[in-house]
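Engineer: everything below, folded, please.
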Amino acid sequence: MFPQQFCKNSSTLFITPAMWLPWIRWCSKRSRYVELAGGGRLAGFETFGEFWEAHGMMPTKKERLFMERLVLPSGVVFDIGANSGAFCITMAKIQPSGAIHAFEPSPRTFERLLANVRANDVERTIECHECAVARSTGRMSFFANPASSGTNRLLPYGYAERNNVVEVRTVSFDDFVSDSGIRSVDFAKIDVEGFECEVLWGAARVLRERILAVGLIELCPANLQLAGASVEDLFQMVREVGWTLRWITPSGDIGDQIALDDARTVVLENVALVPKDGADLE
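Structural biologist: Okay, here's the model as predicted:
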């Protein structure tokens with residue numbers, strides 16, 4: 001088994017040059033952290049897979065510019081699907097006087113999120129919540145991948161998967177805002193491995209009443225399908241609440257509206273979620 005795994009790992013490294021430097025850092029044991037914009041760091045990874053995934057979770061330059069442009073210094077931000085904290089810690093370093101709510105349902109990943117928030121000294125800015133944001137408040141089954149926290153996900157109702165499944169608490173966006181007495185949310189990042197539709201259904205009032213100003217949402221047809229949804233479902237939900245999906249330009253501006261046919265061809269992209277009448281955001 002060991003020789004087979006060694007050969008598999010060697011083959012993966014050989015065909016993925018971008019992994020070489022992270023692999024060297026991982027092997028050194030003293031450099032098992034990921035640098036974030038603004039001086040933040042992520043650490044506490046248990047496997048190289050988690051360490052490598054964290055590099056892909058960091059906000060891109062255009063996403064950072066997008067957030068910096070639209071979030072007020074004292075704004076309220078939601079990080080839905082916070083994982084190890086790449087987005088929320090980056091935002092806390094950019095806007096330290098804001099109020100950030102980070103949601104992460106996986107018990108193991110939540111502990112790493114808490115540790116990273118403490119290590120980066122942003123506890124006054126970030127409040128962590130061990131729960132999933134979903135269609136309704138209650139409990140749901142959650143697949144916690146031991147080898148890849150980036151693919152942790154809520155399970156569709158009736159799904160037969162039993163291995164590495166835990167029950168987690170869920171809260172709807174609408175309920176959380178109402179129960180917390182929050183009157184406005186400046187920005188929400190939504191990355192929930194295909195369950196974006198569930199989050200939006202649970203945020204119907206927040207979206208219709210414009211309690212949320214703007215969002216950054218993952219568009220990944222393959223993940224939507226795994227969650228029992230589709231790009232068409234996502235577009236229909238967004239349209240029904242009077243919002244739209246737009247591209248983000250390289251300079252961090254809100255770009256053109258995304259056509260359904262174009263969305264179907266996307267592999268994975270974070271896009272802008274904005275009100276249809278949100279001309280003031282442009």
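Engineer: any idea how far stretch 110-118 is from the chain center?
Structural biologist: Distance of stretch 110-118 from the chain centroid (Cα atoms, centre = their mean, to the nearest Å) equals 15 Å.
Engineer: could I have that stretch exported to PDB, CA atoms only?
Structural biologist: Extracted C-alpha coordinates of stretch 110-118, given in PDB (Å, rounded to 0.1, in the frame of the first residue of the first chain):
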ATOM      1  CA  PHE A 110     -14.500  25.100  13.200                       C
ATOM      2  CA  GLU A 111     -11.800  24.500  15.800                       C
ATOM      3  CA  ARG A 112      -9.100  25.400  13.200                       C
ATOM      4  CA  LEU A 113     -11.100  28.600  12.300                       C
ATOM      5  CA  LEU A 114     -11.300  29.600  15.900                       C
ATOM      6  CA  ALA A 115      -7.500  29.000  16.300                       C
ATOM      7  CA  ASN A 116      -6.700  31.100  13.300                       C
ATOM      8  CA  VAL A 117      -9.000  33.900  14.400                       C
ATOM      9  CA  ARG A 118      -7.200  34.000  17.800                       C
END
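Engineer: flag every buried residue along that stretch.
Structural biologist: By neighbour count on 16 or more other Cβ atoms under 10 Å, the buried set for stretch 110-118 is 110, 112-114, 116-117. Yep, even glycine has a C-beta here, placed from its N, CA and C like the rest.
Engineer: and those, which is closest to residue 97?
Structural biologist: residue 117 (16.2 Å; Cβ to Cβ).
Engineer: just the buried residues of stretch 110-118: which are in helices?
Structural biologist: 110, 112-114, 116-117 (DSSP state H).
Engineer: ok, residue 102 - contacts?
Structural biologist: By Cβ atoms under 8 Å, 6 or more residues apart in numbering, the contact set of residue 102 is 79, 82, 85, 88, 113, 117, 126-129.
Engineer: so for the residue sitting nearest the centre point of the chain, what's the pLDDT?
Structural biologist: What sits nearest the mean C-alpha location of the chain, by Cα atoms, centre = their mean, is residue 191, with 3.1 Å. We have a pLDDT of 95 for residue 191.
Engineer: any regions of the stretch 1-150 of the chain where pLDDT drops low?
Structural biologist: The model of the stretch 1-150 of the chain has pLDDT under 70 over residues 1-14, 143-150.
Engineer: which stretches of it form helices?
Structural biologist: 2-15, 20-28, 48-57, 61-70, 86-94, 107-119 (DSSP state H, counting those that start in this stretch).
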